[in-house]
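Visitor: Here's a sequence, model it:
(one chain, ligands or ions: 1)
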Amino acid sequence: MKNKMNKTKLENCKILITGGAGFIGSHVVRLFVNKYPNYEIINLDKLTYAGNLENLKDIEDKPNYTLVKGDIVDGEFVQELFEEHKFDGVIHLAAESHVDRSISNPMEFIQTNIVGTVNLLNAAKAIWKDNFENKLFYHISSDEVYGSLGKEGLFTEETAYDPHSPYSASKASSDHLVRAYNDTFGLPSVISNCSNNYGQNQFPEKLIPLFINNIINNKP
Ligand SMILES: NC(=O)c1ccc[n+]([C@@H]2O[C@H](COP(=O)([O-])OP(=O)(O)OC[C@H]3O[C@@H](n4cnc5c(N)ncnc54)[C@H](O)[C@@H]3O)[C@@H](O)[C@H]2O)c1
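Guide: Below is the predicted model of the structure:
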């Protein structure tokens, strides 16, 4: 995709990380805050059940870190935030991320994962206008957009999209919109479709922490 990032290290750039209080986002925020002291890192998070500020206790007082509590579904708020900070880059992780919850409440997923992503794209487009040099919208997606793998094989970036749950369909939709803004408006973007992550700070409803908690608590 069109992406005019200059390879030289950027000084004094402002990066918006969405969903930075969640599992993966908290690791990304910590990495950027510690690794790039000249960058200003703004963490935009609604602090849903999945967001936990304990995940960021060790960096909360760093001078290059700011937390903004807010909802990416609120387009006016997102626009104002971009106008205030004039971000150079966006790392977009905020999402409703649990497949089972998407089956009991799909609308939450449509709102956050689709409408929320478009609000961010619109705000970035409005603030960057046509000067996209050294700007980047990095969209974190999921391998679930490709459907089920079965027992063998692998997904590649050429695999056809085949989502089946409201979660994966909402992530697939957001990928298409990021791609469409890249093709139509030239908005520089990258999409990554990682498979399941596990590790520290993961909410205990997910498979591995759930199993570990059940074992510790003698549950089946
Ligand atoms: N965890 C995985 O294994 C995995 C795998 C592939 C892709 N992903 C993707 O990576 C990203 C992060 O996943 P995660 O597991 O860290 O998720 P998570 O559920 O732990 O965290 C999501 C964060 O987004 C915030 N959020 C939710 N709705 C919001 C809204 N409307 N406005 C602002 N903030 C909001 C939550 O408060 C939370 O802090 C997601 O986009 C997810 O689809 C995750």
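Visitor: what's the burial count for the nearest residue to residue 93 once chain neighbours are set aside?
Guide: Distance criterion CB to CB, 6 or more residues apart in numbering; nearest residue to residue 93, sequence neighbours excluded, is residue 19 at 3.8 Å. Glycine gets a C-beta too; all of them are placed from N, C-alpha and C. Residue 19 has 28 neighbouring residues, counting by other CB atoms under 10 Å.
Visitor: mind checking the backbone torsions on residue 19?
Guide: phi 70, psi 30 (degrees, to the nearest 10).
Visitor: And the pLDDT at it?
Guide: pLDDT, residue 19: 98.
Visitor: go on, residue 130?
Guide: So residue 130 comes in at 76 (pLDDT).
Visitor: For it, grab the count of nearby residues.
Guide: Using other CB under 10 Å, residue 130 has 7 other residues around it.
Visitor: What residues does it make contact with?
Guide: Applying CB atoms under 8 Å, 6 or more residues apart in numbering, we find residue 130 in contact with residue 186.
Visitor: List, one by one, the residues from this protein near the ligand.
Guide: 18-19, 21-25, 45-48, 50-51, 71-73, 93-97, 112, 116, 140, 142, 171, 194, 196-197, 203 (CB under 6 Å from any ligand atom).
Visitor: switch the cut-off to 5 Å
Guide: Applying CB under 5 Å from any ligand atom, one finds that the chain approaches the ligand through 19, 21-24, 45-46, 48, 50-51, 71-73, 93-95, 97, 112, 140, 142, 194, 196-197.
Visitor: residues near the closest residue to the ligand within the chain, how many?
Guide: Of all residues in the chain, residue 22 sits closest to the ligand, at 2.0 Å by CB to the nearest ligand atom. Residue 22: 26 surrounding residues under other CB under 10 Å.
Visitor: Residue 64 too?
Guide: 17.
Visitor: Residue 107 falls within a helix, correct?
Guide: Yes - counting by DSSP: H, G, I helix; E, B strand; the rest coil, residue 107 is part of a helix.
Visitor: How many residues are close by residue 106?
Guide: When neighbours are counted by other CB under 10 Å, residue 106 registers 16.
Visitor: hang on, it packs against residue 114?
Guide: No - counting by CB atoms under 8 Å, residue 106 sits too far from residue 114 to count as a contact (10.8 Å).
Visitor: for the chain, which residue is closest to the average position?
Guide: residue 93 (1.0 Å; CA atoms, centre = their mean).
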